[in-house]
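J.: Structure for the following, please:
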Amino acid sequence: MRFELPFLKELNRRNVVRVAILYLLFCWLILDPVHVIFHMLEVPTWANRLVIVLLALGFPGVLLFAWAYEITPEGVKPSAAVAHGQSITKQTGRRLDRAIIVVLALALAYFVSDKFWRSRPAAVPETVSEATRGAGAALKTGTTGRSIAVLPFLDLSEKKDQEYFADGMAEEIIDLLARIPHLMVIGRTSSFQFKGKNTDLREVGEALGAAYVLEGSVRRSQDRVRVSVQLIDARDGSHRWSESYDRPIGDVLKVQDDIAAGLVRTIQVQVGAADLPTRATVLNPEAYNLFLRGRAARDRLDIQGQEDAVGFYGQALKVDPTFVPAAVGLAFASISIFNYTRTESDASQARAAIDAALGLNPNLPEMHAAHAWLYLNHGLNWAAAEAEIKQGLRMDPENYFVQNEAGKFACALGRWDEAMRYFRAALSYDPFNPALVGNSASCLLRSGRFVEAEEQARHALAISPTDDPDWSILGRVLLARGELSAALDAFRRTTWRHNRLMGLTAVYYAMGRRAESDQAMRQLEAEAAAKDPYEVAEGRAYRGEFEEALKWLERARDQKNLDVVVTAVKGDPAFAQYTGDPRYRAWLGTMNLAD
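T.: Residues are numbered from 1 along each chain as shown. Below you'll find the model as predicted:
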């Protein structure tokens, strides 16, 4: 003790303790800005670690310097050379105290701004807020501690021409995480509602029902890619985990696997060895790039986009015939083309694409659901469709795509409660998917639950105001409720011309505006006969002309106008007054829809 106390006293006299405190505060203050700047300049990840190592090595050097040297009016001198009476260490200590206070204040200000200002840059966009506050939000389950939303990644490439690559990375991570048991992953459609919006991540998590939000960025340069990600706890806005990866483009799947593993460790999801599949560490860069271009084209949703996607996916499979994601994308794009054309050749191509994907990997629940859709829309094979849906649900009961198809199947058969259970389950994973919300609205309409159907239709339109099917659904709901002026406005807003003409035919007739109804009916018959005869049948039925309606129903069946028929006929309000008619029941029997 005789030695220790004088030693500590000397440390204090020479201001070594103050220098240590000031140095540590300075290091803490600069580390985060350095990380941000390095990230913006795309400095390799090892440089961040090098800064930390250098700062750590500098700590003992600074302490030794503070012990060995002293600041005097004449400059810096060795402490041993300064006479005791000439030392100004007390004045230096006071200056150091003031410096510590200033640096501490700066550190506190930075902490507050990072916690309460930078993490709350803006309110949730109006359309999302309305959707969240709408009754449709009730379909979502509450936030769980094992739930995550992956936001679209930013494209930080120099030319800003890699958006498709950044979006594709985020979508692939969503798909990968969705395979992990006990982890609820918000669907792509809902997460991508926040693309390009500087929204508070806490509000994003609340809106999506996710406890965690993952955001990231991608910078691609020739044959290398840099991916940076950070995980935020959406319940309090705190930073939980971050990492950067600088790899060859061929290692992109390994990067995705590493990100998934890091998330699982951080969120503490209990997984088995097989729950995090180890995929190929080397991927053909050309095949992957073509696959992502195909995915971007398919997101356009029009027929040209689907045809472009088929081309990109086909090229990717020529480069790598075993690339399963490209085979799955080709199948979905082929189905979409058949949905537009309704030709035998396109139906055959869609079926072949589905079979090819399952040939590469038989454990693809979404492909079994796609098979179910095709069985119904090309052949009305209800038994085969149900078997495929059950197979998909056995493989992955939490797959929202399969749940949606199961809901549509149950609704087509009039099993309303079962259908709504599936739709609610699907929406818990993808709450801002307007197609899912629209499907639930359509099912509620056909089950006679008009108030809930209107709420859901308006919820879907709050998410996507230009979504044409939902304007038509809203129009049908309002027509069924007798709100004719509002129904007319809704039908006028849809740009799907055949839906619009059918709605005008029905609403004008209900309003007593017979001449306008006749004109709309003539236009509908002339324009929709080839592709949408079921719409014509509905128009005739709303006008009370059942004989004519029945002819068009038979024509719809014979022309295989089945996408509309299968998903909309059971419980269709247009035919509500004819459900007891033997002729209508006989027609339902030919569609395998009789009770």
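
J.: Following the helix or strand of the chain with the lowest mean pLDDT in sequence, what is the next regular element?
T.: None of the helices or strands of the chain scores lower by mean pLDDT, DSSP states H and E than helix 126-133, at a mean of 38. Counting by DSSP states H and E, the next helix or strand C-terminal to helix 126-133 is strand 144-150.

J.: who does that next one touch, helix- and strand-wise?
T.: helix 163-178, strand 184-185, helix 188-191, helix 201-208, strand 210-221, helix 252-267 (3 or more CB pairs under 8 Å, 6 or more residues apart in numbering; DSSP states H and E). Using the backbone N, CA and C atoms, a C-beta is placed for each residue, glycine as well.

J.: Can I get it as CSV, trimmed to CA atoms?
T.: Taking C-alpha atoms only, strand 144-150 is exported to CSV below (Å, rounded to 0.1, in the frame of the first residue of the first chain):
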residue,chain,number,x,y,z
THR,A,144,-44.2,-11.7,-32.4
GLY,A,145,-40.6,-11.7,-31.1
ARG,A,146,-39.6,-14.0,-33.9
SER,A,147,-40.8,-12.0,-36.9
ILE,A,148,-38.9,-10.0,-39.4
ALA,A,149,-39.4,-7.8,-42.4
VAL,A,150,-36.7,-7.4,-45.1
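
J.: How is the chain divided into domains?
T.: 4-117, 141-283, 350-590 (automatic domain parsing).

J.: Can you tell me which of those domains is packed in deepest?
T.: domain 350-590 (a mean of 20; mean count of other CB atoms under 10 Å).

J.: Show residues contacting the host helix or strand of residue 405.
T.: Here residue 405 is covered by helix 400-412, with elements defined by DSSP H and E. The contact list for helix 400-412 (CB atoms under 8 Å, 6 or more residues apart in numbering) reads 187, 365-366, 368-369, 372-373, 376, 385-386, 389, 392-393, 396, 416, 418-423, 425-430, 435-436, 439-440, 442-443, 446, 566-567, 569-570, 593.

J.: Among the residues you listed, which are located in helices?
T.: 365-366, 368-369, 372-373, 376, 385-386, 389, 392-393, 416, 418-423, 425-429, 435-436, 439-440, 442-443, 446, 566-567 (DSSP state H).

J.: Are we agreed that residue 325 is in a helix?
T.: Yes: counting by DSSP: H, G, I helix; E, B strand; the rest coil, residue 325 is part of a helix.

J.: I'd like to know how many residues surround it.
T.: Neighbours of residue 325 under the rule other CB atoms under 10 Å: 23.

J.: ok, it touching residue 291?
T.: Yes: at 5.8 Å, residue 325 and residue 291 qualify as touching, with contact defined as CB atoms under 8 Å.

J.: Quick check, central residue of this protein?
T.: residue 188 (2.1 Å; CA atoms, centre = their mean).

J.: and that one, what pLDDT?
T.: With respect to pLDDT, residue 188 scores 74.

J.: which residues are in contact with the helix or strand hosting residue 330?
T.: Residue 330 is part of helix 324-341 when elements are defined by DSSP H and E. Helix 324-341 has contacts (CB under 8 Å, 6+ apart) with 172, 175, 287, 290-291, 294-295, 297-298, 301, 303, 306-307, 309-310, 313-314, 316-317, 320, 346-347, 349-350, 353-354, 356-357, 360-361, 364, 366-367, 370, 373-374, 377-378, 563.

J.: Only the buried residues of it, if you could.
T.: By neighbour count with 16 or more other CB atoms under 10 Å, helix 324-341 contains the buried residues 324-339.
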